[in-house]
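Asker: Mind looking at a prediction? Sequence and model below.
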Amino acid sequence: MTLGHTITIEQGTRRVRVVHDGQVLAESDRPLVLRETGCPVRYYLPPEDVRLDLLTPSATHTHCPFKGDASYWSHGEAADLVWAYPDPKPDVAVIKDHLCFYEVEVS
């Protein structure tokens, strides 16, 4: 990490649910909670807790200097709704292949 920029990741204890267009896309009792300087809290979900069959791989790829290269998936008309880091940087290796959605419900 660079000076002034931090990322912390901890095992979440609250249930996370993702619903889009009336369909449940993910539900997990074991999210990883990622906090990053200047960004909202993000929940990274194990792939077993995500309805991958409802998602379509996207051609979008982005690069984060702190986490690595991300791949994206879409759902219906919602382009790039979810992303993952298939080969994250060593400092955040625990998020490997976990999926993150822009909008989640936390209970």
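Answerer: Received the coordinates, thanks.
Asker: Only C-alpha atoms from now on, for both contacts and neighbour counts.
Answerer: Fine.
Asker: helix/strand/coil for residue 72?
Answerer: strand (DSSP: H, G, I helix; E, B strand; the rest coil).
Asker: Can you give me the pLDDT of it?
Answerer: Listed pLDDT for residue 72 reads 98.
Asker: same thing with residue 105?
Answerer: 86.
Asker: Surely it is in contact with residue 24?
Answerer: No: if you go by C-alpha atoms under 8 Å, residue 105 and residue 24 don't touch, sitting 11.0 Å apart.
Asker: any common contacting residues for these two?
Answerer: 17, 18 (C-alpha atoms under 8 Å, 6 or more residues apart in numbering).
Asker: neighbour count winner among the two?
Answerer: residue 24 (13 against 10; other C-alpha atoms under 10 Å).
Asker: Please report the distance of that one from residue 80.
Answerer: Relative to residue 80, residue 24 is positioned 17 Å away (C-alpha to C-alpha, to the nearest Å).
Asker: Show me where the protein has its helices.
Answerer: With DSSP state H, there are no helices along the chain.
Asker: Which helix or strand in it has the lowest average pLDDT?
Answerer: Among the helical and strand segments of the chain, the one scoring lowest on mean pLDDT, DSSP states H and E is strand 105-106, with a mean of 86.
Asker: Now do it: which elements does it pack against?
Answerer: strand 16-20 (3 or more C-alpha pairs under 8 Å, 6 or more residues apart in numbering; DSSP states H and E).
Asker: Give me the buried positions along the strand it packs on.
Answerer: Using 16 or more other C-alpha atoms under 10 Å as the test for burial, strand 16-20 gives 16, 17, 18.
Asker: what distance separates that strand from the centre of its chain?
Answerer: Chain-centre distance of strand 16-20: 12 Å, with C-alpha atoms, centre = their mean, to the nearest Å.
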